[in-house]
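1. The following comprises the amino acid sequence and a computationally predicted model.
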Amino acid sequence: MNLLLIEDDKTVVDSLIPFLKERGFVVDVAFDGEVGLDKAKKNNYDIIILDKGLPKKDGLEVCANIRSAGKQTPILILSVKSEIGTKADLLNAGADDYMTKPFAFQELIARVNALLRRPKEVLHTKFEFGDIIADFEGRKTTRGGKEIHLTTKEFSLLEYLFRNRSKAISRMEILEHVWDVNADPFTNTVETHILTLRKKIRDKNGKIIQTVSNVGYKID
Ligand code: CA
């Protein structure tokens, strides 16, 4: 999942990035409202964490501008208590949720994950295929109860395909969401990772991760 963090407080950014990366997020950062808005309009992020008090353009204005540009990306606003007007202001600007600073990182992740779930699938955090279970909350994969070790990228790749299941996902989409919006489109890293992932989950015939010719991959 790729995430845009728009936050001018370097201390918050420096402590949040390793925490988010450890949980499999690809993080892009903007330190002011203008750059943040530009990135949000140009790229397709899975989620945006947006600080309210920002240089150049206020967070609420950035949020409203993202929405008026037609982007439906879930937005979580961060704010110090004194900055918050009413909850209605945040919702009117098009925010999906907000948190007041200081906040616990665990709570931030819980809220981010809640926003990433498709609306009708609140309870769907586990993927079961035969004796394979991938637990996206606990970030663990098992086969017949025994853990299969997946790297953070492999796990994120599986998770991305799962969250978009029944849909063929192109290599470019995978590259953009699981790697980085600036990833090199000519690399074969997606293919390599699909290959090792299939080996690890013993998906020799591509039954779990299907190849859709001329499109990409899908989980059904
Ligand atoms: Ca700030």
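-> Thanks, I have the structure now.
2. Any stretches of this structure with poor pLDDT?
-> 82-86, 118-124 (pLDDT under 70).
3. Just the element for residue 54, please.
-> Using DSSP states H and E, residue 54 falls within no helix or strand.
4. so who does it touch?
-> By C-beta atoms under 8 Å, 6 or more residues apart in numbering, the contact set of residue 54 is 6-8, 32-33, 36, 62. Quick note: C-beta positions are derived from backbone N, CA and C, even for glycine.
5. try 7 Å this time
-> 6, 8, 32-33, 62 (C-beta atoms under 7 Å, 6 or more residues apart in numbering).
6. cool, and residue 157?
-> Residue 157 neighbours (C-beta under 7 Å, 6+ apart): 174, 178, 193, 197.
7. Could you double-check that residue 23 lies in contact with residue 109?
-> Yes. Residue 23 is in contact with residue 109 according to C-beta atoms under 7 Å; the separation is 6.2 Å.
8. and residue 151, how far is that from residue 6?
-> 28 Å (C-beta to C-beta, to the nearest Å).
9. ok, what's across the strand from the spatially closest residue to residue 126 that is not a sequence neighbour?
-> Distances taken as C-beta to C-beta, 6 or more residues apart in numbering place residue 135 nearest to residue 126, at 5.3 Å, with adjacent residues excluded. Listed beta-bridge partners, residue 135: residue 126, residue 140 (assigned using DSSP bridges).
10. How about the residues of this protein by the ion?
-> Contact residues, the chain versus the ion (C-beta under 5 Å from the ion): 8, 51, 53.
11. same thing but at 8 Å, please
-> Residues of the chain lying close to the ion (C-beta under 8 Å from the ion) are 7-9, 51-54, 59, 78, 80.
12. What is the neighbour count of residue 127?
-> By other C-beta atoms under 10 Å, the residues close to residue 127 number 19.
13. cool, and residue 117?
-> The local packing of residue 117 (other C-beta under 10 Å) involves 15 other residues.
14. Please report how far it lies from residue 130.
-> Taking C-beta to C-beta, one finds residue 117 at 24 Å from residue 130.
15. next one: residue 42
-> For residue 42, the distance to residue 130 - C-beta to C-beta - is 41 Å.
16. repeat for residue 175
-> Residue 175 is 28 Å from residue 130, by C-beta to C-beta.
17. Which of the two has more residues huddled nearby?
-> Neighbours per residue, other C-beta under 10 Å: of residue 175 and residue 130, the larger number sits with residue 175, 18 against 12.
18. In three-state terms, label that one for me.
-> Secondary structure assignment for residue 175 (DSSP: H, G, I helix; E, B strand; the rest coil): helix.
19. list the contacts for it?
-> By C-beta under 7 Å, 6+ apart, residue 175 lies in contact with 183, 185, 190.
20. ok, now with 8 Å
-> 183, 185, 187, 189-190.
21. on that earlier part again, name the residue in residue 151 and residue 6 with the higher neighbour count.
-> Each of residue 151 and residue 6 has its neighbours counted (other C-beta under 10 Å); residue 6 has more, 31 against 13.
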